[in-house]
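Asks: sequence plus predicted model, see below.
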Amino acid sequence: MRADLSVPADLSPFVAGVAASLDFGSRWLKGLVGELTPEQLAKEPAGFRNSIATLVVHIGAAEIHYAHQLTGIEVPDDLEREYLMEVPPNPIPAAAAETAESLTAKLEKARAILLRAMACVTEADLAREAESGPDQQSVRWVLSLLPNHQAMHLGQILLLRKHL
C-alpha cells in the first residue's frame, strides 16, 4: 500500500504541507482518544501534571490561538471558555467532564477554524510578522510550529496511556 498525505488544493504549497502534517497527526490522536473512557481521559497518573483530556483540549486551544494570530482577530470569549484559554497556560488548565466524542468534536472544530485561517495565507504572507504580543514571529514560523506542537503532545498522550 502506498502511503501519502492528503494535500488541500486551495492552500499555498507550504501551507498545504503544514495542513497535511497536521492531518496525519490528528488521525493518530483521534484513534488514541477514541477508545478511552471519560475516567481514563481525565486521569492524571502519579508523576504527571496533565490528563489526556487536558492535552487534547490544549492542542485545540493552540490551533485556535494560532488561527487568530494569523488573522489578527481576537479569539471570541465563547471559544476562550470552551477551550480553557481564559486561564493562564502555565500549568495547562485541566479539562473536566470530557468524553472521546466531545474531545474529537473540539479537535475538529479547532482544525476547521485553523484551516479557514490558513486558506487566507499566501506565499507572500509567510514572511510577514504574525500578530503576537511582544514576540516577533513570522507567519511561516507560526505555521511550522503547529505540527511539532501536536506531535510533542501526541507523544505525551502515548506515555500517559501506558500509565492508565
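Replies: Structure received.
Asks: what's the burial count for the residue nearest to Ala61 when sequence neighbours are not counted?
Replies: Distances taken as CB to CB, 6 or more residues apart in numbering place Tyr83 nearest to Ala61, at 3.9 Å, with adjacent residues excluded. Where you see a C-beta, it was placed from the backbone N, CA and C, and this is true even at glycine. As a burial measure, Tyr83 scores 23 neighbours (other CB atoms under 10 Å).
Asks: Tyr83 touches Lys106, doesn't it?
Replies: Yes. Look at Tyr83 against Lys106 with CB atoms under 8 Å: they come within range, at 7.0 Å.
Asks: need the residues touching each of the two.
Replies: By CB atoms under 8 Å, 6 or more residues apart in numbering, Tyr83 and Lys106 have these common neighbours: 57, 60.
Asks: ok, back up a step: measure the residue nearest to Ala61 to Ala67 for me?
Replies: Per CB to CB, to the nearest Å, Tyr83 is found 11 Å from Ala67.
Asks: likewise Arg140?
Replies: With CB to CB as the criterion, Arg140 and Ala67 are 15 Å apart.
Asks: quick one: which of these two has more around it?
Replies: Neighbour count, other CB under 10 Å: between Arg140 and Ala67, Ala67 has more, with 24 against 18.
Asks: per-residue pLDDT, Gln156?
Replies: We have a pLDDT of 96 for Gln156.
Asks: next: Ala130.
Replies: Ala130 carries a pLDDT score of 79 in this model.
Asks: any idea how many residues pack against it?
Replies: For Ala130, using other CB under 10 Å, the count is 21.
Asks: how close does the nearest residue in space to Lys106 that is not next to it in sequence sit to Val18?
Replies: Nearest non-adjacent residue to Lys106, counting by CB to CB, 6+ apart: Gly60, 4.7 Å away. With distances taken as CB to CB, Gly60 is found 16 Å from Val18.
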